[in-house]
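*Asks:* generate coordinates for the sequence data below:
(one chain, ligands or ions: 1)
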Amino acid sequence: MINYLGTPKIETDRLILRKLELKDAQNIFDNWLSDKRVADNRISPAHKKVSETMERVAKIVSEYDSKECCYWGIVQKGNRELIGEIDLYNFDIATNNCEVSYSLGYNWWNHGYGTEALRVVVEFAFKHMNIHKISAAHNVDNPASGKIMRKVGMQQEGVIRHMIRNAKNQYKDCVVCGILQEDYIKNTASEQTFILNIE
Ligand SMILES: CC(C)(COP(=O)(O)OP(=O)(O)OC[C@H]1O[C@@H](n2cnc3c(N)ncnc32)[C@H](O)[C@@H]1OP(=O)(O)O)[C@@H](O)C(=O)NCCC(=O)NCCS
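*Replies:* The predicted structure is shown next:
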């Protein structure tokens, strides 16, 4: 059974993962949601107006009332800058499986933050939520996302042709990756690598 814990605060070496707040909307818009370089790798188009971001953040914030909402903002520890987001979603009670997705602002790409955030969310999901399997898919032309999946132990399971159609009306083939709880437990040290703050 999945042990839903909501969106607790999680602290890693360089990052804090925390709930999003309404007042974050401008930073989210500025740092990644309005940026085509980020949006090109996501399904939804870049936001043109901050009001679109406000609406999206308001929806996420309203979902925090449910323990089934696992949606973190990714914050740099030193300067408290909100640099991205990561979430667990599509929880399936028949299998205890779920999916993960993430985005970082362009200014913070290739500094290891994506790997650090994904690694800790995978650890949290397996050790604390009892998730059975985590899956994710990335466009074939988004190797950085595939790289961080592999770095945290996710394996490529196949390529789905024309899995998505993006904002530019282009169909994209996607690589589907996954990691099983049993493999994670077998292959990873049991010592917890993060500080967890459940309210
Ligand atoms: C995917 C994403 C979260 C990665 O975050 P990040 O912080 O840049 O990732 P990291 O720095 O931890 O790791 C990136 C890895 O990809 C590699 N990489 C980057 N660009 C690459 C490219 N064009 N080809 C091959 N590898 C590449 C980097 O070298 C690094 O690997 P390394 O640590 O072995 O050197 C970020 O690029 C992003 O937000 N992209 C836009 C949104 C998105 O794609 N979301 C996921 C949708 S599936």
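
*Asks:* mind listing the residues bridging to Lys172?
*Replies:* Beta-bridge pairing for Lys172 (DSSP bridges): Ile164.

*Asks:* just the pLDDT for the residue of the chain most remote from its centre.
*Replies:* Distance to the chain centre peaks in the chain at Asn169, reaching 24.0 Å (criterion: Cα atoms, centre = their mean). Asn169 is assigned 87 on the pLDDT scale.

*Asks:* swap in Ile43?
*Replies:* Listed pLDDT for Ile43 reads 87.

*Asks:* quick check: closest non-adjacent residue to it.
*Replies:* Leaving out its chain neighbours, the residue that sits closest to Ile43 by Cβ to Cβ, 6 or more residues apart in numbering is Ile164, at 5.6 Å. (C-beta placed from N, C-alpha, C; glycine too.)

*Asks:* quick check, the one you found in contact with Cys174.
*Replies:* Yes - using Cβ atoms under 8 Å, Ile164 is in contact with Cys174, at 6.2 Å.

*Asks:* how near is the residue nearest the centre of the chain to Lys168?
*Replies:* Nearest to the mean C-alpha position of the chain, by Cα atoms, centre = their mean, lies Ile86 at 2.5 Å. Distance, Ile86 to Lys168, using Cβ to Cβ, to the nearest Å: 25 Å.

*Asks:* what comes up buried for stretch 70-84?
*Replies:* 70-76, 82-84 (16 or more other Cβ atoms under 10 Å).
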